[in-house]
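**Q** Build me a structure from this.
(one chain, ligands or ions: 1)
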Amino acid sequence: MYGRRVFACLFSLLLLMPVARAAGDAARGAQAFRICAACHSVVPDRNMTGPSLAHVWGRKAGSLASFDRYSPALQRSGVVWDTASLDAWIKNPAAFIPHNAMTFPGLQDAATRADLIAYLKALGEGKTLPPTAQGGMGGMMGSTPQRPDLKQLKAEDTVTSIRYCRDTYYVTTADGKTRAIWESNLRFKTDSSDLGPHPGAPVMLGAGMAGDRAFVIFAKPEEFDAFIRRHC
Ligand code: HEC
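**A** Numbers count the residues shown, from 1 in each chain. Coordinates of the predicted model:
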């Protein structure tokens with residue numbers, strides 16, 4: 001009888017231990033956030049594949065007004081983001097809220113989860129964080145990748161016309177060069193955010209590399225028609 005109670009006590013202590021250890025470190029969390037940064041920014045209302053996490057701490061799940069792509073599952077979950085709910089979510093999103101739309105397998109390492117949560121909490125409290133976390137210059141190992149400002153690109157990236165003939169797009173840029181790209185390797189996108197291109201000045205990205213895929217990004221979809229001319 002007594003022995004069983006002691007055992008139960010020890011057992012719950014064991015269960016509590018990881019929680020007691022879980023005082024995460026926000027600065028380490030800022031580094032770990034690169035796991036999330038492909039889909040999330042920490043700039044208020046800068047939404048990507050996922051919603052901005054700038055003020056996620058204490059927020060009701062699925063409630064950021066500027067994000068239009070929440071799953072019904074997340075919106076209906078009734079979850080409020082705090083240490084316990086964030087931990088369960090980051091550990092295994094599909095188990096915590098089935099049918100959600102975050103295609104992330106989950107992070108098994110409890111210490112890293114605690115660091116991430118400390119970071120999101122610090123952000124929510126408006127604490128000052130290392131520059132890597134706030135989106136300084138991206139691209140380096142260990143820093144948060146940043147989207148480029150498409151208004152700042154060079155002439156060689158600014159598209160002036162696009163001609164389509166048979167199976168090929170001929171994309172001419174402001175430096176006078178024309179590149180021939182197989183239609184299957186060219187994607188057209190829009191970026192209506194403050195980082196998007198100037199209206200009427202779409203930009204091309206990725207064409208210089210392996211030549212197997214490039215993007216032309218317009219300010220708005222109405223420009224597709226205006227730019228792409230079929231002519232052989
Ligand atoms: C592949 C893209 C992707 C990755 C990687 C990703 N997320 Fe998400 N995240 C999403 C999407 C999409 C949603 C919206 C899910 C939904 O509506 O069901 C989301 C939602 C969330 C939410 C809920 C926000 C809200 O407003 O309710 C939190 C919190 C979150 N993610 C944290 C993280 C953290 C922390 C990481 C890194 C460990 C991460 N995510 C990695 C795409 C991603």
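**Q** following the helix or strand of the chain with the lowest mean pLDDT, which helix or strand shows up next?
**A** Lowest on mean pLDDT, DSSP states H and E among the helices and strands of the chain sits helix 131-134, with a mean of 47. Along the chain past helix 131-134, the next helix or strand (assigned with DSSP states H and E) turns out to be strand 159-165.
**Q** in that following strand, what counts as buried?
**A** V159, T160, I162, R163, Y164 (16 or more other Cβ atoms under 10 Å). Every residue, glycine included, has its C-beta placed from N, CA and C.
**Q** out of those residues, who's nearest N100?
**A** Closest approach between these and N100, by Cβ to Cβ: V159, at 36.9 Å.
**Q** Check the closest one and give its pLDDT.
**A** pLDDT, V159: 95.
**Q** For the residue nearest to it when sequence neighbours are not counted, grab phi and psi.
**A** Distances taken as Cβ to Cβ, 6 or more residues apart in numbering place P202 nearest to V159, at 4.5 Å, with adjacent residues excluded. Dihedral pair for P202: phi -60, psi 160, per degrees, to the nearest 10.
**Q** Surely P202 and A214 touch.
**A** No. The pair P202 and A214 fails to qualify as a contact (Cβ atoms under 8 Å) at a distance of 11.8 Å.
**Q** Which one of those two is surrounded by more residues?
**A** More neighbours surround P202 than the other of P202 and A214, with 29 against 20 (other Cβ atoms under 10 Å).
**Q** How confident was the prediction at the spatially most central residue of the chain?
**A** The residue lying closest to the centre of the chain (Cα atoms, centre = their mean) is C39, at 1.7 Å. C39 carries a pLDDT value of 94.
**Q** Tell me which stretches of the chain form helices.
**A** 2-21, 26-32, 72-75, 83-91, 93-96, 110-124, 131-134, 222-227 (DSSP state H).
**Q** for the second one, what is the average pLDDT?
**A** In this case it means helix 26-32. Mean predicted confidence for helix 26-32 is 95.
**Q** What is it packed up against?
**A** helix 110-124, helix 131-134 (3 or more Cβ pairs under 8 Å, 6 or more residues apart in numbering; DSSP states H and E).
**Q** coming back round to it: what separates the residue nearest to the centre of the chain from D175, distance-wise?
**A** To D175, C39 is 33 Å away according to Cβ to Cβ, to the nearest Å.
**Q** Now do the closest residue to L116 other than its chain neighbours against W57, distance only.
**A** The shortest distance from L116 to any non-neighbouring residue, by Cβ to Cβ, 6+ apart, is to G29 (4.7 Å). G29 is 12 Å from W57, where distance means Cβ to Cβ.
**Q** which one of these two has more residues nearby?
**A** Between G29 and W57, G29 has the larger neighbour count (other Cβ under 10 Å), namely 23 against 19.
**Q** residue contacts, that one?
**A** With contact taken as Cβ atoms under 8 Å, 6 or more residues apart in numbering, G29 is in contact with A114, D115, L116, I117, A118, Y119, L120, A122.
**Q** So it versus V80, what's the distance?
**A** G29 sits at a distance of 20 Å from V80 (criterion: Cβ to Cβ).
**Q** With D87 instead?
**A** 13 Å.
**Q** the more surrounded of the two?
**A** Ranked by neighbour count (other Cβ under 10 Å), D87 and V80 place D87 first, with 20 against 13.
**Q** For that one, list the residues it contacts.
**A** Per Cβ under 8 Å, 6+ apart, neighbours of D87: A22, A110, R113, A114, I117.
**Q** What's the per-residue pLDDT of it here?
**A** Confidence at D87, expressed as pLDDT, is 98.
**Q** What about D82, how many residues nearby?
**A** 13.
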